[in-house]
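> show me how the following folds:
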Amino acid sequence: MGIPKQTVDLLLRENEHHVCPDAPEICVQIRAIAELPTRFGDYQVVAFQNNFDHKEHAAFVHGDVFEKEAIPVRIHSECLTGDAIGSTRCDCRDQLIDTLEKIGKMEAGIVLYLRQEGRGIGFANKIRAYQLQDAGADTVEANEMLGFRPDERDYGIAAHMLGSLHVQSIKIMTNNPDKVRDLQIHGVTIVERIPVVVPPTVRNFGYLETKQKKMGHLLNLEQNDDEASPSEPTMVEGSTSGSGRG
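Residues are numbered from 1 along each chain as shown. As a prediction, the model looks like this:
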């Protein structure tokens, strides 16, 4: 069972005229909620809109997460080339499928899908970065050559989305310690980090190695397809409280 209908109606009424008092220029609102049966299990899809740039984001919710604690959450940034086309330059699609499958077997969980293509630099710039990578740059160098930071993403939107769903605390499914810190800065209570274990391939090994060495991602690149197995959840220290709702 997902979020009950009466709670769905409450969330929609609550968001109809909502304005975030602390950050009115960036306020994410729920626009619609519908049932979404998938190959990974029964989900509900929650459509959000950011009134600052009018980008639309999505939450794929399995089970009833309203006012619940320790909800497993994967925050996934859009990757058109990987998620939709199956690019092997990255591991985005593999991580998305892995977490959807795992959450679909749990009592409850959420995948937040953020429209932050190319680590926040946009689709066209991402392809420009690919061109630079084709010429020998790694992902960090390519972003910097285009005038961007290695990662331009901001997880304040994700914090707003979790707050809108009244999620009290989460278990974050990520290998990225910066994501953990950013969410905590935005008031999300994180009680646990669950590693996302996707074995590297020949084609994405360099990409993952750059994530590990230059961006501090917590990866084990020594594994191969036969050795890969899920890691035990690890606790996050220094959690802060708050829902993240503006």
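> show me where pLDDT drops low in this protein?
22-25, 214-215, 218, 222-246 (pLDDT under 70).
> mind listing the helices for it?
5-16, 92-104, 117-120, 123-134, 139-145, 156-164, 177-185, 205-215 (DSSP state H).
> what about the nearest residue in space to residue 27 that is not next to it in sequence, how many neighbours?
Using C-beta to C-beta, 6 or more residues apart in numbering and skipping the chain neighbours, the partner closest in space to residue 27 is residue 20 (4.0 Å). For every residue, glycine as well, the C-beta is placed using N, CA and C. Look at residue 20: counted by other C-beta atoms under 10 Å, it has 17 neighbours.
> quick one, which of the helices of the chain is packed in tightest?
Each of the helices of the chain was given a mean neighbour count from mean count of other C-beta atoms under 10 Å, and the largest, a mean of 25, is that of helix 156-164.
> how near is the most centrally placed residue in the chain to residue 159?
In the chain, the residue lying closest to the centroid (C-alpha atoms, centre = their mean) is residue 75, at 1.3 Å. Distance of residue 75 to residue 159, given as C-beta to C-beta, to the nearest Å: 10 Å.
> show me whatever sits in contact with both of the two.
Both residue 75 and residue 159 are contacted by residue 183, under the criterion C-beta atoms under 8 Å, 6 or more residues apart in numbering.
> roughly how far apart are the closest residue in space to residue 164 that isn't next to it in sequence and residue 44?
In space, and not counting its chain neighbours, residue 164 is closest to residue 30: 5.4 Å by C-beta to C-beta, 6+ apart. Distance of residue 30 to residue 44, computed by C-beta to C-beta: 11 Å.
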